[in-house]
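Asks: Need coordinates for the below:
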Amino acid sequence: MTALVRLRLDISYDGADFAGWARQPEQRTVQGVVEEALARIMRLDPPPVLTVAGRTDAGVHATGQVAHVVVPAAAYQQISRAMPRRLAAVLPPDVRVREVTLAPEGFDARFSALRRRYEYRVGDEPTGVAPLRRRDTVWHPRPLDVGRMNEAAALLVGEHDFAAYCRKREGATTIRRLLRYEWERREERLAVATVEADAFCHSMVRALVGAVLSVGDGRRPVEWPREVLLAGVRDSAVKVAPAHGLILVEVSYPEDRLLADRALETRRVRTLPAPAVPSPTAS
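Replies: This is a model prediction of the structure:
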């Protein structure tokens, strides 16, 4: 049998010209481009298959994406020290593999992750976003009140069924633990959201951003995003924010000895605890 090794890849990309992360027929995707680069430098046919921490949609960027790949040990050993440099020579300029390391025992880029952290950039300058930031910052034509946005965002934090903010997928749960959702002004006319959860379902971050933007510009009351959450169904009034303002900035993992246990825990189907039933009042 051929000896195999599992590698961890830390990846950054400008998502503007990709049809998302996941490989698709006749589409340029991050997964497809990186897998083909790995096959080329390691002389593998067919290309190895990457498992990623978080599949990003078309147009979404990443500075802290993580993936793993299983390859023949002999192919890796031949180029191990030069691997990042060789990948840089064959990859297009809108994707970089910043680091390649041997994955610790039990590591799974997707299932071992503790949390994913995204940022979303919104500019509310009346004249629009600066041309050099047009690929990673969304223009909002109305002034935004970050204080109101933080009030609304705080009401969404916690473990909930986020069905109202996710695109439903057959057989997949929409229960997630939202660990952090905060907005800040990093420049006078730039509002940046930090959104962190143990995992996200499809379109969740952009829907959460879209709901709170409508609070920030005064079109909705502070309580409205929470009311949508509790209703538990998709609301057409929630506008999913554009993809290009979203950046995956970090994926966090437990210490090495806990990686396998975390992967097992993540694979379990989530449920919310049943609401407590009040005991009958004695007559």
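Asks: okay, CA-based contacts and neighbour counts for the rest of this
Replies: Will do.
Asks: What ranges in the chain fall below the confidence cut-off?
Replies: 1, 274-283 (pLDDT under 70).
Asks: Now do the helices in the chain.
Replies: Secondary structure of the chain, counting by DSSP state H: helices at 30-42, 73-79, 83-90, 146-154, 204-216, 224-231, 259-267.
Asks: which secondary structure elements does the shortest one contact?
Replies: For helix 73-79, the elements it packs on are strand 4-13, helix 30-42, judged by 3 or more C-alpha pairs under 8 Å, 6 or more residues apart in numbering; DSSP states H and E.
Asks: okay, these in a markdown table with distance to residue 272 and mean neighbour count next?
Replies: A markdown table is the format used below for these (distance: least, C-alpha to C-alpha, whole Å; neighbours: other C-alpha atoms under 10 Å):
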| stretch | distance to residue 272 | mean neighbour count |
| --- | --- | --- |
| strand 4-13 | 33 | 20 |
| helix 30-42 | 33 | 20 |
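Asks: right, so the helices of the chain: which one is the most enclosed?
Replies: Of all the helices of the chain, helix 204-216 carries the top mean neighbour count, a mean of 24, counting by mean count of other C-alpha atoms under 10 Å.
Asks: returning to that earlier point: how about JSON lines for the helices and strands packed on helix 73-79, with distance to residue 20 added?
Replies: Formatted as JSON lines, these follow (distance: least, C-alpha to C-alpha, whole Å):
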{"stretch": "strand 4-13", "distance to residue 20": "11"}
{"stretch": "helix 30-42", "distance to residue 20": "7"}
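Asks: Relative to residue 73, which of these is closest?
Replies: strand 4-13 (4.8 Å; C-alpha to C-alpha).
Asks: of all the helices and strands packed on helix 73-79, which lies closest to residue 68?
Replies: Short answer: strand 4-13, nearest of those by C-alpha to C-alpha, at 4.5 Å.
Asks: Could you list every helix and strand that that closest one packs against?
Replies: If you count contacts as 3+ C-alpha pairs under 8 Å, 6+ apart, strand 4-13 packs onto strand 61-72, helix 73-79, strand 95-102.
Asks: Save the helices of the chain as JSON lines, and put in distance to residue 7 too.
Replies: Formatted as JSON lines, the helices of the chain follow (distance: least, C-alpha to C-alpha, whole Å):
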{"stretch": "helix 30-42", "distance to residue 7": "11"}
{"stretch": "helix 73-79", "distance to residue 7": "9"}
{"stretch": "helix 83-90", "distance to residue 7": "11"}
{"stretch": "helix 146-154", "distance to residue 7": "37"}
{"stretch": "helix 204-216", "distance to residue 7": "28"}
{"stretch": "helix 224-231", "distance to residue 7": "39"}
{"stretch": "helix 259-267", "distance to residue 7": "15"}
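Asks: Much appreciated, bye for now.
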